[in-house]
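K.L.:
Sequence and predicted model, in that order:
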Amino acid sequence: MRIELQRARIVDPLHEQNGKLASLFIEDGKFVSALTGAKPAERTIDLDGKYVLAGGIDLHTHIGGGKVNLARLLMPAAGSSQGGPVWPTLRTGQLYNQMGYTACFEPAMMLSGARHTHLELSDTPGLDTGAYVVLGNEDWLLQALAEEAHDGAIDAIVGWSVTATRALAVKVVNAGGINAFKYGQRSLAVDQPHAHWGVTPRQVIARLSASVERIGLEHPLHVHASNLGMPGNVQAALDTLAAAEGHRIHLTHAQFNAYTAEGPYGMGSGAELLARYVNEHPNVSLDVGQVVFGQTVTISADAAAQYRNRRHARPNRWVVSDVECQAGCGVVPMRYEDKQYVHSLQWSIGLELMLLIEDPWRVFLTTDHPNGGPFTSYPHLLRLLMDRSFRQSMLETIHPRAAENSLLRELTREYTLDEVAIITRAAPARILGLHDRGRLSPGAIADVAVYPQRDNWEATFERASLVMKCGTEVVQDGVQLASMTDCRTLFAEPRYDNALMEQLGESVEQRLHVPWRSLEISLNEIQALMRTGSAVSSPSWSSGSLSPRPSSPQASASGQAVPRTTEGAG
Amino acid sequence: MVEDCRRRNQWLAQMHSTGSSTVDRTMMANDDSAERQVSQVATITALFKPTRRSLIWIDGADVNTTRSAVSLAQAVRGTVHIGQSSGSAATHRVLADQGWLGSSLAEVATHADLIVTLGGLRVESPLLAQRFLAPALAGGRAEWCHIDAHRDDASPQPSGAPVSKLSPSYTAVWPRDKWYEALTHILLALQSASPSGKHLAAQADASVDTLVSKLQRAKNAVWIWDAEEFHDAIDELSISRLLSISRLLTQSARCSLLCLDAQVGRVTAQETLLWLTGCRGTADFDGTRWNQPLSLRHMALEEWQHAFDSILVVRSVPSVHPLPNLNASHFMVTAQSLLPDGVAANRVTRVATVGIDCDGHLMRGDQASVMYCAASEPASAQNASTQRMPTQTRLPTAAALLDQLRNQLRSGAAVDAN
């Protein structure tokens, strides 16, 4: 069916009619040119000048996997249908859709937990999903690095891990530091050798960032840096970025790694230092991990950092665990308070980073959901970025010492609507290698979010008046509809020497004591069992089974010279 | 050791009772003809009329069966409950109320230098030592200590039982009702500069001193037990003590806990229910949202049958555990499942077993990973020249039947509406 969206105020800097009132045409789930075919639209929707953006893309949100379920167990009230911030999967999809988001990416998937992660993500309706496999703390990888394995061997471990888990990208969490925690090292500086393996985080980052490029992943190495949350750790962030030696690198939830050891209570903002580095190095990008005041629960693979955080647990219960010798897992409830100096400082640093980094294609708005706060705070955060007077009024409410030292007093920048479209749509699509989305141009999938002009930007963005997923309406007038469309699991197909992995597989097996091949998720498995399960319809969608069922599977792209992102589950 | 395993013996008894360990599924499927299946679905559909309070009791299930059960419960505004032992419930309560310091089987095998097993684990999980403790013990890297309620030599040895080469280097024997006290002594003795601790520790026996000394030397200690090991309120305090010990030791070294749940499909169903509904163990759909009904907490088994008008018991996994004696309205269970006494044939629908008849996902008992369980090849397909049996001659999956029920209910509702 051909659909015409009439009188759309186009907000897409990549679109030739950006900023204008125009019609957009959709056919077979994709945008098409107005000139394509002569047949008239079978359906027209008059948008009456409302803002039309591509579907939002959250490139870093913890919404699936064992650690998320642990958080639900630890915070039962928060895990209920009505509470937050770790909702059941169905509610998560619904809340994202209502804000106009149509694709989300779980950034911390373990090799052993990959099936769990994909199963949960498959039960999150209305969203295309993907996940990043966590590497950098496995005994087999650290051993290979310690033995100065050749590039091909490292590529085989990295490439196989991505393929086996059907991951889209590779994330490093506290390189070597979580493993070192098991050997009594409570933290690991970037140039500090691991007590057992002798490898430094710098070596891990250097080898893996290069490997990710060699095996052809589109998303650069996604890095949670060393010494997260510690005063003075901005130096660790800078050292980590330098460790990439010019290879592309993405620093995640950067706010948590942007502290100096100076200032009130021995802690200050390192945002200026970090932003300057990003501005000067085009190989670097970051997402911010903005803190939002209120109750949340922090979830991380960085067991060492979460063990340090245990003393801040509110309510006072916390989980720290090993995950089959692959990084770890830590869940610590947290209540960010605007009258608390450190929390106020964190709030300020996140916004400073967003405003100081000049290139909107290399900075991304995230809360590291739920670590800095729930993703549902994005409309509020957009208002803070787009409206200086609102920002200044909020600045007056935080801890006075933090406000006094905050760079926000002087920063006059206000994000434009175009910049918002970039940081929440076009740039995430580009950096993840998702060339079929993030824009409204012909050829892109028709994921659309329509926002009415309201009193302020927060009100505008908090509830889309219309959301389409591949051309099918999923939200209308802010209400979730019963209609549902296919959702996709997005993963990469890297190139590596599989024969080398045959030898290295033994090393994996020695540690996990299960056949290493049993960890591999086949295309058939992901198509037949993960997406096609009889998923439950969201409670507010009153009719029918709305299971995100796949269309016919896309053929594997094995043997292609250039790896590409594949729509695995159809 | 293997011959002592209660679960294994239950399984063998069950197999003996059902005639063979390799049930002829072709016959069963033929017997369960399409007509009969239609009639059974109609029977079960009647259980879920809108006026009835309906319960789906999942005894053990794979991910897709649990998804379908939740979906059905949502369609009929019903309740889903994952059957669980008091032991696993106690562990969950401690985790939810206080938190956890967890380990994994891989960490035990690869990093632990002191492994302390508790209670019946040695006998009930005989492969644990072979697969995961042996690599740790090799080369003297780790030491294995065991805490038991009775001495080995006091328990009768089955004739012909092989002598295991793997055995703990140290065993402390504490009467079961003294475990909490002994663990408290250990905790107090480990606490530094505590006069009361020293005093109380002095009252404990030598085995406590020995364990304290081993724990103090360990760099990576792990406590392992079976979820069924702990039962009552005092046991729950024992689990809390273990958590306190691990937290204390982790301040300077590493000490963690590993509770293994051997009931296949229970952890899977619990986890799936949790991510789908946000509810732990029991979820009730009121037409708008899922709730965790407080009224159903701590309910005794016999009370469930009075709280609901109809109960459907579901099991899609191989299991040696007896099905709950709930006076259920209907059983949708695997071919090997032994039914409670007196259950008429028309109250039973046999379904495919995950990993035997059909593929599925099951979570391991330590919750560390989800396994893909591919269906075993039927005997006839082992011969390369023989084609795999066509699907229609095999048992239906529980997930498919539950979906069929839901669709039938929906179409029924549509007819009523018209």
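P.N.:
That came through, no problem.

K.L.:
check contacts around the residue nearest to the spatial centre of chain B.
P.N.:
With distances taken as CA atoms, centre = their mean, residue B:263 lies nearest the centre of chain B, 2.8 Å away. Contact partners of residue B:263, counting by CB atoms under 8 Å, 6 or more residues apart in numbering or on different chains, are B:60, B:85, B:88, B:227, B:319, B:321, B:365. (Glycine included, C-beta is placed from N, CA and C.)

K.L.:
Of the residues you listed - the most surrounded one?
P.N.:
Counting neighbours by other CB atoms under 10 Å in any protein chain shown, residue B:60 comes out on top of those with 28 neighbours.

K.L.:
Just the closest residue of the stretch 151-300 of chain A to chain B, please.
P.N.:
Among the residues of the stretch 151-300 of chain A, residue A:182 lies nearest to chain B; the distance is 5.3 Å by CB to the nearest CB.

K.L.:
Quick check: closest non-adjacent residue to that residue.
P.N.:
In space, and not counting its chain neighbours, residue A:182 is closest to residue B:111: 5.3 Å by CB to CB, 6 or more residues apart in numbering or on different chains.

K.L.:
residue boundaries of the strands in the stretch 301-418 of chain B?
P.N.:
B:310-315, B:330-334, B:348-351, B:360-363, B:370-373 (DSSP state E, counting those that start in this stretch).

K.L.:
quick one: the helices in the stretch 201-350 of chain B?
P.N.:
For the stretch 201-350 of chain B, the helices defined by DSSP state H, counting those that start in this stretch cover B:206-217, B:233-250, B:266-277, B:301-307.

K.L.:
Worst mean pLDDT among the ones you listed?
P.N.:
In terms of average pLDDT, helix B:301-307 trails the rest of the helices of the stretch 201-350 of chain B, at a mean of 87.

K.L.:
Give me the domain ranges for chain B.
P.N.:
Domain assignment of chain B by automatic domain parsing yields the ranges B:26-84+B:265-380+B:390-417, B:88-260.

K.L.:
winner for burial among the ones you listed?
P.N.:
Counting by mean count of other CB atoms under 10 Å in any protein chain shown, domain B:26-84+B:265-380+B:390-417 has the highest mean neighbour count of these, with a mean of 20.

K.L.:
So is it next to chain A?
P.N.:
Yes: judged by CB under 8 Å from any CB of the partner chain, domain B:26-84+B:265-380+B:390-417 and chain A are in contact via B:63-64, B:67-68, B:70-71, B:74, B:271-272, B:274-280, B:285, B:288-292, B:359-361, B:363, B:367-372, B:399, B:402-403, B:406-407, B:410.

K.L.:
number of nearby residues for residue A:152?
P.N.:
14.

K.L.:
Settle this for me: it is touching residue A:498, isn't it.
P.N.:
No: Residue A:152 is not in contact with residue A:498 according to CB atoms under 8 Å; the separation is 11.2 Å.

K.L.:
Tell me where chain B is predicted with low confidence.
P.N.:
B:1-8, B:10-34, B:152-165, B:192-204, B:377-393, B:413-418 (pLDDT under 70).

K.L.:
And the residue of it closest to chain A?
P.N.:
residue B:102 (3.1 Å).

K.L.:
still on that earlier bit, point out the one among the domains of chain B that comes closest to residue A:268.
P.N.:
Ranking the domains of chain B by proximity to residue A:268 (CB to CB) places domain B:88-260 first, at 29.0 Å.

K.L.:
and which of the contacts of residue B:263 is nearest to residue A:529?
P.N.:
Out of those, the member with the shortest distance to residue A:529 (by CB to CB) is residue B:60, at 17.7 Å.

K.L.:
Could you verify my assumption that that closest one touches residue B:265?
P.N.:
Yes: in this structure residue B:60 lies within contact range of residue B:265 using CB under 8 Å: 2.8 Å.

K.L.:
Which among the domains of chain B is found nearest to residue A:256?
P.N.:
Across these, closest to residue A:256 is domain B:88-260 (CB to CB), at 21.3 Å.

K.L.:
Quick one: end-to-end distance for that closest one.
P.N.:
In domain B:88-260, first residue to last residue: 9 Å (CA to CA, to the nearest Å).

K.L.:
what helix or strand does residue A:188 sit in?
P.N.:
Residue A:188 is part of no helix or strand, with elements assigned from DSSP states H and E.

K.L.:
Next, give phi and psi for residue A:302.
P.N.:
Here is the backbone geometry of residue A:302 (degrees, to the nearest 10): phi -80, psi 80.

K.L.:
neighbours around it, how many?
P.N.:
Applying other CB under 10 Å, we find 30 residues neighbouring residue A:302.

K.L.:
cool, residue A:103 as well?
P.N.:
29.

K.L.:
what about it, which SS state?
P.N.:
strand (DSSP: H, G, I helix; E, B strand; the rest coil).

K.L.:
Look up how far chain B lies from it.
P.N.:
As judged by CB to the nearest CB, to the nearest Å, residue A:103 and chain B stand 19 Å apart.

K.L.:
How about residue A:87?
P.N.:
7 Å.

K.L.:
And the residue of the stretch 151-300 of chain A closest to chain B, what's its pLDDT?
P.N.:
89.

K.L.:
tell me the contacts of it?
P.N.:
A:322, B:107, B:111, B:220, B:254.

K.L.:
Name the nearest residue to the first one, ignoring sequence neighbours.
P.N.:
With sequence-adjacent residues excluded and distances taken as CB to CB, 6+ apart, residue A:322 is closest to residue B:107, at 4.3 Å.

K.L.:
do the fourth one as well
P.N.:
The shortest distance from residue B:220 to any residue other than its chain neighbours is 4.6 Å, reached at residue B:254 (CB to CB, 6+ apart).

K.L.:
right, and that neighbour touches residue A:184 too?
P.N.:
Yes: shown here, residue B:254 and residue A:184 form a contact pair, counting by CB under 8 Å, at 7.4 Å.

K.L.:
Identify the contacts common to those two.
P.N.:
residue B:219.

K.L.:
Kindly list the longest helix within chain B.
P.N.:
For chain B, the helix with the greatest residue count under DSSP state H is helix B:398-417.

K.L.:
Contacts for that helix, please.
P.N.:
With CB under 8 Å, 6+ apart, helix B:398-417 has contacts from A:533-534, A:544-545, B:37, B:41-42, B:44-45, B:48, B:61-62, B:64-65, B:67-69, B:71-72, B:75-76, B:314-316, B:332, B:349, B:351-352.

K.L.:
Which of those residues fall within strands?
P.N.:
B:314-315, B:332, B:349, B:351 (DSSP state E).

K.L.:
Now for these: which two are most distant?
P.N.:
Maximum distance among those (CB to CB): 11.0 Å, for B:315 and B:349.

K.L.:
what's the overlap in contacts for these two?
P.N.:
B:331-333.

K.L.:
so residue B:287 makes contact with residue B:77?
P.N.:
Yes: using CB under 8 Å, residue B:287 is in contact with residue B:77, at 5.2 Å.

K.L.:
roughly how far apart are the nearest residue to residue A:20 once chain neighbours are set aside and chain B?
P.N.:
Excluding the flanking residues, the one nearest residue A:20 by CB to CB, 6+ apart is residue A:10, at 5.9 Å. Distance from residue A:10 to chain B, counting by CB to the nearest CB: 38 Å.

K.L.:
For residue A:10, report the pLDDT, please.
P.N.:
pLDDT, residue A:10: 98.

K.L.:
residue contacts, the residue of the stretch 201-350 of chain A at minimum distance from chain B?
P.N.:
Nearest to chain B, among the residues of the stretch 201-350 of chain A, is residue A:321, at 3.1 Å (CB to the nearest CB). Shown in contact with residue A:321 (CB under 8 Å, 6+ apart): A:70, A:303, A:328-330, B:100-104, B:256.

K.L.:
Next, count neighbours for residue B:261.
P.N.:
23.

K.L.:
Let me see the contact set for it.
P.N.:
So residue B:261 contacts B:88, B:226-227, B:267, B:365-367 (CB under 8 Å, 6+ apart).

K.L.:
For these, which two are the farthest from each other?
P.N.:
Going by CB to CB, the pair spanning the contacts of residue B:261 furthest: B:226 and B:367, at 14.1 Å.

K.L.:
returning to what we had before: how close does the residue nearest to the centre of chain B sit to residue B:227?
P.N.:
8 Å (CB to CB, to the nearest Å).
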